[in-house]
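> Predicted model and sequence follow; I will ask about them next.
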Amino acid sequence: MESEILKNLNAEQRQAAETINGAVLVTAGAGSGKTRMLTHRIAHMVKELEIYPSHILAITFTNKAANEMKERLEKMVDSLDGMWICTFHAMCSKILRMNISLLGYTSSFSIYGDTEKNRVIKRIIEELKTDINAETFAWHISNAKNNLMKPEDYSKYIHDPKKCQIITKVYSTYETELFKANALDFDDLLVKTYRLLKENPDTLEYYQNKFEYISVDEFQDTNSAQYELVKLLAAKHKNVLAVGDEDQCIYSWRGAQVSNVKQFTKDFEGCKIFKLEQNYRSTKKIIDLANKLIKHNTIRIDKNLWTENADGDEIKLTQNYNDIEEAEQIAERIETLVSGGVAKYSDFAILMRVNSLSRILEEKLLTYNIPYKVYGGFKFFERKEIKDTTAYLYLVANPNDTEATNRMLSFPKKGIGDVSIGQIHALAIQNDVSMMEIIMNAEKYGITGSLQTKLNSVRDLFNDLISQKEVMPIEDFVEYVIKRVGIKEAIGTKTEDDINKCMNIDDLLKSVSEYVAANESATIDDFLQSITLMRDIDSMSEDDNFVSLITVHAAKGLEFNNVFIVGLNDGLFPLSRAINSADINELEEERRLMYVAITRAKQRLFLSRSKVKFSYETKRTEYTMISRFLPELFDDLQKKNNFLNGSAIRSNLDSTGFGEYLNSSKKQASLDEIMSSHINVVNVSKTSSNSSQTPSSANTNSASRISTNDYSKFKKGTRVKHAHFGEGEVTLGVTDFASAFVTIKFDSVGIKTLSLKYAALEIIE
């Protein structure tokens, strides 16, 4: 009898969804409906094969993906009772909450994010007086844990004896500090769960029997610890589905191993392999572009995306003079499409290789009054005022939390300075107890005088909070903590920044209410766990109407009708590190990142670069080299000019920081000519047809007589006239008086960024 649930899947999806027993590997191309296949497969198992939901574990890559899968399944089956649909870290946290006492911790353990982790490491290296920075130690600790190595194991892989000794010492001390604080970092959630299951056969058997059927999404992004966890849990029944796409493996920097996909087929004998190649997301032109790019990678399983969707719009490739002009044309294009009723703001995403590119884009979006939100950067729950507030919640749940104690003592101010905090910390180490134990029993540990009085006030505060926690609903309790501690009063309302911080505290309360509404029996511990594991992207909602500025890494798993990919210059995308690396996988990962960026687009794709960029390293404005991915995407670029062999020149501009062109060499002219076939080339005006003219000789131009004081006249809204471009309006006035850039939207030729030192501009009264 044909399955009603699976009948609307395509042939490849249906084959994978019908294969329930044994090991299954599905290589799913971007936009190929893998989430649809996964949800229908699980619904088929529960509703038609009558498998208990509590025997199913579905591991997703993000909380957002987990929530979307739950919502879909709830519409398809009567009950999800007992089914686990979560990320690796959330799964591990849940297992540890119930069993971590076997490892000597208590179930109220804190989860340290990067901020807390770095603070612990900085405190350790200050005591050890080493000149190696905290970020280096943090990387080594994370690398060791991702590979399930203890300090003594990891030391074997560090060949420099001096570095080996200090790294091992910091790692070992860090582990001791976290154990004393009853705290785990993100990597520990995986490592400690693996250790728990490995060392406790009864616990392992319980979870093996519970999770008789396991599915893992985004399998190509699993690290060693995650892969070993899957092997452990699936070892008994071997009913495991791995869904992945090695073309989208973009997290090797945090331990992801694309080789896990191949290893899976070896470790699970008789593994059945299916390919999902039909794309349902993007137009033919976008898919063709993605295929053309990724075929240049060698570390991949051969597959070719295809779609029955329409051909769609041409891919727009724009070359701008500088990044200011690049941002301007993006903002103008968004505003044109929105005002024309073609799209709404939430239909747009601007994808960046690195988050530092967002500043100029943000300025331009503000100029056009375009609402936007930056993702992949500073998370809401990482803001200082939020961490200062949640420190009190963490301490009520876990009094051993050292980092939360330090925050609590410092905010709001309690008259307890760094010297006193150091004294409390020293007493805690000396007596092998937590800092809160010292605070709650100051007299017992020899603290007298004014410090004792101050600590007694802290003790009374926490005794009150602990008693209220037991009788209040979660949202009422959090609101009580904010008022009782005086968080908003301590922040104040003197400045706009203060007001924004207080509004963030209100948003914290809102997030508590939303969490409770979605999790009726949740405790304060559950809420704290949820915010620690949350990514900023998890808060994205379909009801929001703003442009998303987002790093390509953070965009993984998302889709937008219209996508801009910016900064397509060699050294930026791909990064210089990958270009110069002897390891081919680094450049191939950059290409996979570009592939991920392209395949986020559903209807329209816009690619852009700038000819010049200011270098903070050389303090000069320099010509950029075109991204080596562009000639891979456009065949005629490759034919007419070999970019990979350096024919796209990179030159310093004149010392003023501005450039007309230093020369019009055949190579540069050729580059412009080639680009114009695909690109809307935006060039600065030439002050002379003489190709040998330099900026110094161009100073005879009448505009060069404008003094610095006159620059301020060219503010936003000023109407100007140019000899060649005609009339226009200043959209961005002079912000850098050394270079004197001004951005103008001309009535006839559009946006240009010119320098007042060289462009002959006349203000129209």
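Cool, got the structure.

> Please list the residues outside the longest strand seen in the chain that contact it.
If you go by DSSP state E, the chain has its longest strand at strand 601-610. Strand 601-610 has contacts (C-beta atoms under 8 Å, 6 or more residues apart in numbering) with 281-283, 285-286, 289, 312-313, 315-323, 325-326, 329-330, 333, 559-569, 598, 624, 626-627, 630, 633. Heads up, the C-betas are built off the backbone N, CA and C, glycines and all.

> one more time with 6 Å
Residues outside strand 601-610 that contact it (C-beta atoms under 6 Å, 6 or more residues apart in numbering): 281-282, 286, 313, 315-320, 322-323, 326, 559, 561-566, 568-569.

> If you count neighbours, what's buried in that strand?
Buried residues in strand 601-610, counting neighbours by 16 or more other C-beta atoms under 10 Å, are found at 601-610.

> ok, these vs Val547, which is closest?
Closest approach to Val547 among the buried residues of strand 601-610 (C-beta to C-beta): Phe606, at 12.6 Å.

> Does the closest one have any beta-bridge partners, and if so which?
Note on Phe606: beta-bridge partners by DSSP bridges are Lys316, Phe564.

> gap between it and Glu496?
Note on Phe606: its distance to Glu496, by C-beta to C-beta, to the nearest Å, is 34 Å.

> try Phe546
For Phe546, the distance to Glu496 equals 20 Å [C-beta to C-beta].

> can you check Lys611 too?
37 Å.

> cool, Asp153 as well?
Separation of Asp153 from Glu496 (C-beta to C-beta) stands at 51 Å.

> Which of the two has more residues huddled nearby?
The neighbour comparison of Asp153 against Glu496 (other C-beta atoms under 10 Å) goes to Asp153, with 12 against 8.

> avg pLDDT for the longest strand of the chain?
Mean per-residue pLDDT for strand 601-610: 95.

> Would you mind pulling the contact partners of whichever helix or strand comes after that strand?
Sequence-wise, the next helix or strand downstream of strand 601-610 (DSSP states H and E) is strand 612-615. Residues from elsewhere that reach strand 612-615, judged by C-beta under 6 Å, 6+ apart: 322-323, 621-624, 659.

> in the stretch 451-600 of the chain, which spans are helices?
Secondary structure of the stretch 451-600 of the chain, counting by DSSP state H, counting those that start in this stretch: helices at 474-485, 487-491, 496-518, 524-532, 552-555, 576-580, 584-598.

> Give me the buried positions along the last one.
Neighbour counts using 16+ other C-beta under 10 Å place 585-598 of helix 584-598 among the buried residues.

> I'd like those laid out as CSV, including pLDDT and distance to Leu102.
Formatted as CSV, the buried residues of helix 584-598 follow (pLDDT from 0 to 100; distance: C-beta to C-beta, whole Å):
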residue, pLDDT, distance to Leu102
Asn585, 86, 38
Glu586, 90, 40
Leu587, 93, 45
Glu588, 92, 42
Glu589, 92, 38
Glu590, 94, 43
Arg591, 95, 45
Arg592, 94, 40
Leu593, 95, 40
Met594, 97, 45
Tyr595, 96, 43
Val596, 95, 40
Ala597, 97, 44
Ile598, 97, 47
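
> From those residues, pick the one nearest Gly29.
Nearest to Gly29 among those is Tyr595, at 10.1 Å by C-beta to C-beta.

> where do the strands sit along the stretch 201-350 of the chain?
Assigned by DSSP state E, counting those that start in this stretch, the stretch 201-350 of the chain shows strands spanning 213-216, 240-244, 272-276, 316-320, 348-352.

> Lowest mean pLDDT across these, which one is that?
strand 316-320 (a mean of 88).
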